[in-house]
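Peer 1: Fold the following for me, if possible:
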Amino acid sequence: MARPPLVPPGPELTAQERTRYARHLLLPDLGTDGQRRLRAARVLVVGAGGLGSPALLYLAAAGVGTIGVVDDDVVDATNLQRQVVHGVTDVGRPKTASAADAVHAISPSTVVVEHTARLDEATALDVVADYDLVLDGADNFPTRYLVGDACARLGVPHVWGSVFRFDGQVSVWWAGEGPCYACVFPHQPPPDAVPSCAVGGVLGAVCASVGSVMATEAVKLVTGVGDPLVGRLLVHDALRQTWDTLPVAADPGCRVCGSGADPTRPLGWATGARSDVSVAAVAGDRPGIDVTALRAVLEAGDVGASRALLLDVREEGERSIVTLPGDVWLPVGDVRAGAEVPLPAPEARVYVYCKTGVRSGEAVDLLRARGIDAVNVEGGVLAWVEQVDPSLPTY
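Peer 2: Residues are numbered from 1 along each chain as shown. Prediction:
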């Protein structure tokens, strides 16, 4: 269903602007009026990563007047496979600064507002309230739920995208017009229950497909053109090269936007954005070893003998990038399912590692509950590369 444009038209276009945006002006549904709306629009992009990159480029090219960019990260070499606003010379720079340069290279007149701090309960409402709509390309669930919560509270359209491996999803969450994010996904998954792209991988071009759809939805909402993805979830399978649409509906009992929602509650609480608290509490009682101490254990020859086992609980693809010497592989999913650990002796100590120490921590808890002397390798393989052997690849 078509909806009124979000943004009133700005000033008349200059002759230079008419030339630059001529292909837009030729579109009967968009035309001069729509281009003036785009120039007057204020769009917030959360995440200058895989999804934010194509969205930022196309929003800038479309002539959006003000673009806010939220990201507290710096450019890493592993980003370059898909995050096309950044280049080799940007490695180590703040992503917001790199993104601003890319936007200005396309559209020097676009105002870029850099938000270099991670959104939290104290800042999200103030940041979101300054924009007409939000494009959410966040790479973690707490931020997604926080953004969805803030947008629903303020009635701001929330263009959302997600990618994993060869798949993608896009929708427009808009409390009062259709479902909000929490209507369709009411519970935040526990930490690491759903693999991230950093663990499971993603085809870079899938980010381009999904991010460009997000930019298209933003243009439609700003200008009032077409039928936005309100009440519909678009699902993309790049391997089959299919796009399917699923209907989704507002939940009258939604804790975020339903009739009984409490508008005074802290953001994030109702959707479980603090589900990591219980995990942290468990971790406080979990035995751990840092990577320098683990190196001493390996050098002493304990691992591989009857005294100890080094266990990798990552996924198979991660092992193709980097492994630790003398390890044994058992994915955390198999540990959850009760798979047998190949102990060299019943009393052997098991040093468990993953990428950062989160999945291995879960595995340690499960193994200790089975009576196995398991210890978490704190910081995981990333800490090993940083502190022990920087010559190894990272991801």
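
Peer 1: what does the average pLDDT come to for the longest helix seen in the chain?
Peer 2: Across the chain, the helix with the greatest residue count (assigned by DSSP state H) is helix 204-223. For helix 204-223, mean pLDDT rounds to 98.

Peer 1: So which other helices or strands are in contact with that helix?
Peer 2: Applying 3 or more CB pairs under 8 Å, 6 or more residues apart in numbering; DSSP states H and E, one finds that helix 204-223 contacts helix 31-40, helix 52-62, strand 133-136, strand 158-164, strand 167-173, strand 232-237. From N, CA and C alone the C-beta is placed, and that goes for glycine too.

Peer 1: Swap in 10 Å and give it another go.
Peer 2: helix 31-40, strand 42-46, helix 52-62, strand 133-136, strand 158-164, strand 167-173, strand 232-237 (3 or more CB pairs under 10 Å, 6 or more residues apart in numbering; DSSP states H and E).

Peer 1: What angle do strand 158-164 and the next helix or strand after the shortest one make with each other?
Peer 2: To tie it back to what came earlier, the one meant is strand 133-136. Sequence order places helix 141-154 as the next helix or strand after strand 133-136, per DSSP states H and E. Relative orientation of helix 141-154 and strand 158-164, computed by axes from the mean of the first three to the mean of the last three CA atoms, to 10 degrees: 160 degrees.

Peer 1: which ones are touching V322?
Peer 2: Taking CB atoms under 10 Å, 6 or more residues apart in numbering as the contact definition, V322 lies against R314, K355, V381, L382, W384, V385, D389, L392, P393, T394, Y395.

Peer 1: Quick check: closest non-adjacent residue to the first one.
Peer 2: Read it as R314. Among residues not flanking R314 along the chain, C354 sits closest, at 5.1 Å (CB to CB, 6 or more residues apart in numbering).

Peer 1: likewise the last one?
Peer 2: Closest residue to Y395 apart from its sequence neighbours, by CB to CB, 6+ apart: I321 at 4.9 Å.

Peer 1: Same question for the fifth one.
Peer 2: Distances taken as CB to CB, 6+ apart put V291 closest to W384, at 4.6 Å, once the chain neighbours are dropped.

Peer 1: neighbours around that neighbour, how many?
Peer 2: 22 (other CB atoms under 10 Å).

Peer 1: Quick check: it touching N376?
Peer 2: No: counting by CB atoms under 10 Å, V291 does not reach N376; the two are 11.4 Å apart.

Peer 1: Could I have the buried ones of the contacts of V322 as PyMOL selection syntax?
Peer 2: Listed next is the PyMOL selection for buried residues among those, using 16 or more other CB atoms under 10 Å:
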select buried, resi 314+355+381+382+384+385+395
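
Peer 1: Take the contacts of V322 and write them to JSON lines, including pLDDT, secondary structure and distance to G338.
Peer 2: Below are those laid out as JSON lines (pLDDT from 0 to 100; DSSP: H, G, I helix; E, B strand; the rest coil; distance: CB to CB, whole Å):
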{"residue": "R314", "pLDDT": "95", "secondary structure": "coil", "distance to G338": "19"}
{"residue": "K355", "pLDDT": "94", "secondary structure": "coil", "distance to G338": "23"}
{"residue": "V381", "pLDDT": "96", "secondary structure": "helix", "distance to G338": "25"}
{"residue": "L382", "pLDDT": "95", "secondary structure": "helix", "distance to G338": "28"}
{"residue": "W384", "pLDDT": "97", "secondary structure": "helix", "distance to G338": "28"}
{"residue": "V385", "pLDDT": "96", "secondary structure": "helix", "distance to G338": "31"}
{"residue": "D389", "pLDDT": "96", "secondary structure": "coil", "distance to G338": "33"}
{"residue": "L392", "pLDDT": "96", "secondary structure": "coil", "distance to G338": "32"}
{"residue": "P393", "pLDDT": "94", "secondary structure": "coil", "distance to G338": "32"}
{"residue": "T394", "pLDDT": "91", "secondary structure": "coil", "distance to G338": "32"}
{"residue": "Y395", "pLDDT": "91", "secondary structure": "coil", "distance to G338": "29"}
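
Peer 1: I figured T223 hits Q35, correct?
Peer 2: Yes: between T223 and Q35 there is a contact at 8.3 Å, judged by CB under 10 Å.

Peer 1: Could you count how many residues lie near H86?
Peer 2: For H86, using other CB under 10 Å, the count is 24.

Peer 1: Oh, that last question was meant for R23, not what I typed.
Peer 2: Residues lying near R23 (other CB under 10 Å) number 8.

Peer 1: residue contacts, it?
Peer 2: R23 is in contact with L30, counting by CB under 10 Å, 6+ apart.

Peer 1: all strands in this structure, in order from the N-terminus.
Peer 2: Applying DSSP state E to the chain gives strands spanning 42-46, 66-70, 111-115, 133-136, 158-164, 167-173, 232-237, 242-247, 288-289, 308-312, 328-329, 349-353, 373-377.
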